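Trainee: here is my input; please provide its structure:
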Amino acid sequence: MALEEKISIENFEDKKFKIRLVESKKDTEAAFTHYLHNQKNGVSKFYKPDALEHVKNLFKYKFPDTTISNIAAEEALQYLIFQQEEIPFPAPEKPDFKFIDLFAGIGGFRLAFQNLKGKCVFTSEWDKYSKLTYKANFGEVPFGDITKPVTKNYIPDEFDVLCAGFPCQAFSIAGKRGGFEDTRGTLFFDVAEIIKKKKPKAIFLENVKGLRSHDKGKTLATILNVLREDLGYFVPEPQIINAKEFGVPQNRERIFIVGFRKDLNITEFEYPKPIKKKVTLQSILETETVSVKYYLSETYINTLRNHKARHASKGNGFGYEIIPNDGTANAVVCGGMGRERNLVLDYRLTNFVPVTHIKGEVNREGIRKMTPREWARLQGFPDSFKIVVSDAQAYKQFGNSVAVPAIQATAEKIIEKLNGK
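Mentor: Numbers count the residues shown, from 1 in each chain. Sure, this is the predicted structure:
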């Protein structure tokens, strides 16, 4: 049988076909996809050995009676370079710089930097559902747990920018200053460890607004001390950036931390100024009638109203909220209240027969949740961005993601500095 007859893209993309390498700690599938997407920049050499191993494993699964040689695996790998499927967001043909994407989620950082002609040469994300979305849109499977040495070993050398939206965690600060060793056991330590080893020209970190006051300010102080003193980066004062000031109708405040390697002699940096154009919720709402499944039941609405009334009686402002079409949405978040605090009025529904199991009747007041696509738009993701998971996972993914326009505006300032402008 000819090699081309044995190998087809269907063989390697068969949805029913899954390989579980229980005995191996290597992430050969991620290495395989990263190899295919890094042919023109010299980075593919980092991924080639495990990409070849992945091809051999594919053959072993599909053709158990056939032994594939190293030469045949090499031929298969080269063949597959030219058989890649089209993806919604390919890397630029002639990129201007390289970056890595840590805690990648579904690729908000990647979208922003690709729009500026950047090439992502490594990405990691541990959530299996986010990996599905990432692969569907960028053609790559992210590597897994970045705290594992085997994952860190896949990171190539000589990239320009490190991007990371790491979680906020408390440090056990032994001394008064708080340094590199004090961050052990946290995900920031892993980021700092990568910075220390790879020494990228620039870093771009994103976190929740609360990082500024977390542990009475000690957490942020330690992070800045590690970046400035231990790792040798010029880090201007971090800034709180609100997504609503950069083209999306969402009140989402996040802290951005930017840094430059000191040998570049960059001694000043100005975060992007808000754009003057204000957008409203109307700009992201569905133009067609949405499914009845997004409309709340009367029973649930009554529960929300009672819940809000109880909090109001105690002087709290907590509870559901209906956003007017000319208003701005609250921050979309991973938890359920992210949806209940961003309800909308939509009177177009005519068929009120439920398509899911609900308590009570579908409400006739036009009250519904936003759809996952509307959440995607609130975060600045284009409509060509594929949503390939359940609604529950999609809400989680967009709630955990970054606001792409705010990231891109800041990234543009970083690249301008690296280019000497």
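
Trainee: point out where the protein drops to low pLDDT.
Mentor: 1-25, 61-63, 65-66, 77, 79-84, 169-178, 335-337 (pLDDT under 70).

Trainee: domain-wise, how is it divided?
Mentor: 3-81, 97-275+402-418, 287-370 (automatic domain parsing).

Trainee: most tightly packed of those domains?
Mentor: Neighbour counts (mean count of other C-beta atoms under 10 Å) averaged over each of the domains of the chain peak at domain 97-275+402-418, with a mean of 19. The C-beta positions use only the backbone N, C-alpha and C, and glycine is treated the same way.

Trainee: and the end-to-end length of that domain?
Mentor: In domain 97-275+402-418, first residue to last residue: 10 Å (C-alpha to C-alpha, to the nearest Å).

Trainee: likewise for stretch 227-245?
Mentor: 28 Å.

Trainee: what does that stretch contact?
Mentor: Residues outside stretch 227-245 that contact it (C-beta atoms under 8 Å, 6 or more residues apart in numbering): 177, 179-180, 192, 195-196, 203, 209, 212, 220, 224, 250-262, 264, 266-269, 271-272, 274-275, 328, 379-380, 403, 405-406, 410.

Trainee: compare the domains of the chain and give me the one nearest residue 395.
Mentor: domain 287-370 (6.5 Å; C-beta to C-beta).

Trainee: what about the domains of the chain, which gets the closest to residue 391?
Mentor: domain 287-370 (8.1 Å).

Trainee: roughly how far is that closest one from the heart of the chain?
Mentor: Between the centre of domain 287-370 and the centre of its host chain there is 27 Å, according to C-alpha atoms, centre = their mean, to the nearest Å.

Trainee: could I get the full set of strands for the stretch 301-421 of the chain?
Mentor: 329-330, 344-345, 367-368 (DSSP state E, counting those that start in this stretch).

Trainee: need those strands in TSV with distance to residue 53, can you?
Mentor: Shown next, in TSV, are those (distance: least, C-beta to C-beta, whole Å):
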stretch	distance to residue 53
strand 329-330	46
strand 344-345	50
strand 367-368	49
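
Trainee: for residue 133, find the nearest of those.
Mentor: Closest among those, using C-beta to C-beta: strand 329-330, at 21.3 Å.

Trainee: that closest one pairs with which strands, and in what direction?
Mentor: Taking DSSP bridges as the criterion, strand 329-330 forms sheet pairs with strand 250-251 (parallel).

Trainee: show the contacting residues for residue 270.
Mentor: If you count contacts by C-beta under 8 Å, 6+ apart, residue 270 has them with residue 413.

Trainee: go through the strands of the stretch 301-421 of the chain and name the closest to residue 45.
Mentor: When the strands of the stretch 301-421 of the chain are compared by C-beta to C-beta, strand 329-330 sits nearest residue 45, at 45.2 Å.
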